[in-house]
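Colleague: kindly generate the corresponding structure for this input.
(chains A and B)
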Amino acid sequence: MNLKFVRRTKKLTTLIVVSSILVLTLISILPWISVIETTSSSDTLVVYNIAKMEKSTDQQVNSIQEKLELINICFWIAAIFGMISFVGTIIYITEKYGSLAQLMMVIGCMTIIFSILGTFLLWMLIKNIDSIASISAAAAFQNSIVTIKYVYFPLMVGAISAIGSAFYVIIVVLFLIKRVAPSVEQIKTGKEKTKIAVGKPSAEKKQKSPEQKTTFAESIKTEKMSIPEINDELEIPTEPEQPAKSEESVPQKKYFEFDKEHPKKPDSGETSLQSGTSKEVPKSPLFEKALTSAIEKRQPEVETENVKIREEPVEKKVSVRCPQCKTVFNIKRGEEPANIECPNCGKKGVTS
Amino acid sequence: MGKKPTLIEKREEKIKETMLDDAFKKAEIRHNLRLSDKDSKKKSYKKTFPKFGFVLIVCAIIVFIVVNYVPWTYIEYGPETELTTVTIYKDFKIENSENTEIYDLFQSPYYLGIERDDFSEAATLEFYGFISLMALGILITIFGILDKMRNFSGEIFAIIYFVAGTATIIPGMFIVLSVTKFLSAQFLPHHNVSPEGYANIALLFPAAFILIIMGFVIIKLAFTMMKIDFNKIQETKEEEEVFEEAFSSTVYRRETR
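Modeller: A predicted model of the protein is given here:
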């Protein structure tokens, strides 16, 4: 699980959705254009918002309103695709339905089309408004030097949405390439190796199953051994020039080699011993300390168990009570009848 | 004879033992000496009853009350006119007056940008928003109750919860965008009507203001609730990842020794 990727995509999808909502709100709230209306007495400057544009009889104003509606639709779709990618990210983090999550994230990449299209249409609309003689963009702040128009606000937020969606697409595409590339490489280059490794699965299984059945003491012993010792134990030749001691040892070695090149992912259910070889810098000494102490703690237990198993048939003790002085003492059991003597009073007797 | 261990010492010893046992079990699984027990290995996302459903139902009820009982427009006339205040409710229902001046305000030359039809249109859209919010709230609550009975897996619970949470944003957007024209109408006369002409009249759209705030609150709530649960999942995954990393590094050390 790549948590960095998840965090980034979540932030970006949130940015896309929020900025799309903001653009939609700004489009319907802000005054867009100012039109010079000529009456019998004088010319008046009337400011239009989208609702007012809708009710206007002027064709030019209506065409601007239609374009604004198109921009509205673009950002609505961008917001919906953003939400789809957001849900995809959530499904991905739960590690269930991984392929569905990836599909949703890929579908979410469509936001780039609509957010860029929306921003581009906004830009074109501003240019179009400026080109019409009787219509101009409504000014929020006007000065002899600087003129800030209302239309720039949704344009800015739209641009943020477009940039966010572009980053999102880059991240998702890179992530998918990273995920797909190793498997393609594996198919191309490692076909022969996989054949060797997977070619004798039954033999490998047969070799593994008795390993799993080994006693705990043996496993601890293996853990404490060095690599050459392990190789000796498993009958694996340390040098490639050395001849194989047994037939089964050759595929075993190939299997290890293959695993080193393509280590298993840490999130897989049961990773083998080689899964950690890809990590170069060992971390968390605390964990190792705990593990070592656990091994040490277990070891004497196992040893005593083994000793007990060996001693039990030899040393079977029976408690006997002296009929004279009532002292209780232990005697070895096994060879009956045997002569015994009380350690306290010295009374002699025979066991039955 | 050694000193008898106290209760605290015994408990400490017990905790230490369980911790070490767990670590050892995991080590065994790693070394293929024990079959992996997925239930004990995987830390799952802690489920909590989705209170968000109740929150949505409450929000929907507030929206319904605002649409029906809060005035959509409040007009206050200056001292020069006979009228003093006029209150307009949804579907352009006017209280206090039948004066034609009010109708003129929402007709040509459209200084406000809104017409009488907009009142009924916006109210209908808000009603749809209320229904969808209510439905989502009830669905989330029913899902929470079903989860108590059937105990879904943490992942399925999170997926359904998040999908419902994301779906909540859409009615929230509808609620906001269907009344923004009223907010816009609040500002438009400042541009179009001269200050002298606008001095005799004061306009306010209380319902629209409250509904816009409610819409944004719903959107923000949806994001916040999802963020909280997202962080919970993330923490669980981070813990798992840290363990995996620590473990693999330990195995690596042992192997290279």
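
Colleague: now do the same contact list for the nearest residue to residue A:132 once chain neighbours are set aside.
Modeller: Nearest non-adjacent residue to residue A:132, counting by Cβ to Cβ, 6 or more residues apart in numbering or on different chains: residue A:60, 6.0 Å away. Every residue, glycine included, has its C-beta placed from N, CA and C. Going by Cβ atoms under 8 Å, 6 or more residues apart in numbering or on different chains, residue A:60 touches A:132, A:134, A:135.

Colleague: the first one and residue B:85, how far apart?
Modeller: To residue B:85, residue A:132 is 41 Å away according to Cβ to Cβ, to the nearest Å.

Colleague: strands along the chain, start to end?
Modeller: Defaulting to chain A. For chain A, the strands defined by DSSP state E cover A:33-38, A:43-48, A:135-137, A:139-142, A:147-149, A:316-321, A:328-333, A:339-341, A:348-350.

Colleague: wrong one, I was asking about chain B
Modeller: B:73-77, B:85-89, B:93-95, B:201-204.

Colleague: pick out the shakiest of these, pLDDT-wise.
Modeller: The weakest mean pLDDT among the strands of chain B belongs to strand B:93-95, with a mean of 77.

Colleague: list the buried residues of it.
Modeller: Buried positions in strand B:93-95, judged by neighbour count with 16 or more other Cβ atoms under 10 Å in any protein chain shown: none.

Colleague: now swap in stretch A:56-64 and tell me
Modeller: Counting neighbours by 16+ other Cβ under 10 Å, stretch A:56-64 gives A:56, A:60, A:61, A:64 as buried.

Colleague: got it, and stretch A:150-160?
Modeller: A:150, A:151, A:153, A:154, A:155, A:156, A:157, A:158, A:159, A:160.

Colleague: ok, for the third one, nearest residue in space, not its chain neighbours?
Modeller: Nearest residue to residue A:153 in three dimensions, chain neighbours excluded: residue A:26, at 5.4 Å (Cβ to Cβ, 6+ apart).

Colleague: thought that neighbour was touching residue A:157?
Modeller: Yes - counting by Cβ atoms under 8 Å, residue A:26 touches residue A:157, with 6.4 Å between them.

Colleague: which residues are in contact with stretch B:176-193?
Modeller: Here stretch B:176-193 has contacts from A:21, A:24-25, A:28-31, A:34, A:46-47, A:49-52, A:138, B:72-73, B:111-114, B:118, B:121-122, B:125-126, B:129, B:198, B:203-205, B:207-209, B:211-212, B:215-216, B:219, using Cβ under 8 Å, 6+ apart.

Colleague: let's see 7 Å
Modeller: A:24-25, A:28-29, A:31, A:46-47, A:49, A:51-52, B:111-114, B:118, B:122, B:125-126, B:198, B:203, B:205, B:208-209, B:211-212, B:215-216 (Cβ atoms under 7 Å, 6 or more residues apart in numbering or on different chains).

Colleague: which members of the residues you listed are classed as buried?
Modeller: A:24-25, A:28-29, A:31, A:46-47, A:49, A:51-52, B:111-114, B:118, B:122, B:125-126, B:205, B:208-209, B:211-212, B:215-216.

Colleague: which positions in the stretch 1-150 of chain A make contact with chain B?
Modeller: A:1, A:3, A:10, A:14, A:17, A:21, A:24-25, A:28-29, A:31, A:46-47, A:49, A:51-52, A:55, A:83, A:86-87, A:90-91, A:93-96 (Cβ under 7 Å from any Cβ of the partner chain).

Colleague: quick one: low-confidence ranges for the chain?
Modeller: Using chain A here. For chain A, applying pLDDT under 70 flags the ranges A:1, A:40, A:183, A:190-286, A:288, A:294-316, A:334-336, A:352.

Colleague: could you do chain B instead?
Modeller: Looking at chain B by pLDDT under 70, you get B:1-3, B:32-46, B:79-83, B:96-101, B:104, B:108-110, B:195-199, B:240-257.

Colleague: which stretches in it count as helices?
Modeller: B:7-30, B:38-41, B:52-69, B:100-105, B:116-150, B:154-177, B:180-192, B:195-198, B:206-256 (DSSP state H).

Colleague: contact partners of stretch B:47-57?
Modeller: Under Cβ under 7 Å, 6+ apart, the answer for stretch B:47-57 is B:133-134, B:136-138, B:140-141, B:143-144, B:147, B:154, B:157, B:161, B:165, B:168, B:221, B:225.

Colleague: can you pull the buried residues of stretch A:114-130?
Modeller: Result for stretch A:114-130 [16+ other Cβ under 10 Å]: buried residues A:114, A:115, A:116, A:117, A:118, A:119, A:121, A:122, A:125, A:126, A:129.

Colleague: how many neighbouring residues does residue 167 have?
Modeller: This is for chain A. 17 (other Cβ atoms under 10 Å in any protein chain shown).

Colleague: not quite, I wanted chain B
Modeller: 18.

Colleague: that one against residue B:139, yeah?
Modeller: No - under the criterion of Cβ atoms under 7 Å, residue B:167 makes no contact with residue B:139, lying 9.1 Å away.

Colleague: of the buried residues of stretch A:150-160, which belong to helices?
Modeller: Per DSSP H, the subset of the buried residues of stretch A:150-160 in helices is A:153, A:154, A:155, A:156, A:157, A:158, A:159, A:160.

Colleague: if we take the residues you listed, which one ends up nearest to residue A:344?
Modeller: The closest of these to residue A:344 turns out to be residue A:160 (Cβ to Cβ; 97.0 Å).

Colleague: returning to what we had before: for the ones in helices among the buried residues of stretch A:150-160, which one is nearest chain B?
Modeller: Nearest to chain B among these is residue A:154, at 12.5 Å by Cβ to the nearest Cβ.

Colleague: contacts only, for the closest one.
Modeller: Per Cβ under 7 Å, 6+ apart, neighbours of residue A:154: A:23, A:26, A:27, A:122.

Colleague: those residues: which two are farthest apart?
Modeller: A:26 and A:122 (10.4 Å).

Colleague: so what's residue B:172 up against?
Modeller: Going by Cβ under 7 Å, 6+ apart, the list of residues near residue B:172 reads B:215, B:218, B:219, B:222.

Colleague: cutoff 8 Å now
Modeller: B:129, B:215, B:216, B:218, B:219, B:222.

Colleague: and chain A, which of those contact it?
Modeller: Counting by Cβ under 8 Å from any Cβ of the partner chain, residue B:219 from the contacts of residue B:172 sit close to chain A.

Colleague: chain A: which of the contacts of residue B:172 is nearest?
Modeller: For those, the nearest to chain A is residue B:219 (6.8 Å; Cβ to the nearest Cβ).

Colleague: list the contacts for residue A:14?
Modeller: Contacts of residue A:14 by Cβ under 8 Å, 6+ apart are A:86, B:223.

Colleague: with residue B:125 instead?
Modeller: By Cβ under 8 Å, 6+ apart, the neighbours of residue B:125 are B:174, B:178.

Colleague: one more time with 6 Å, if that's ok
Modeller: residue B:178 (Cβ atoms under 6 Å, 6 or more residues apart in numbering or on different chains).

Colleague: great, nothing more from me.
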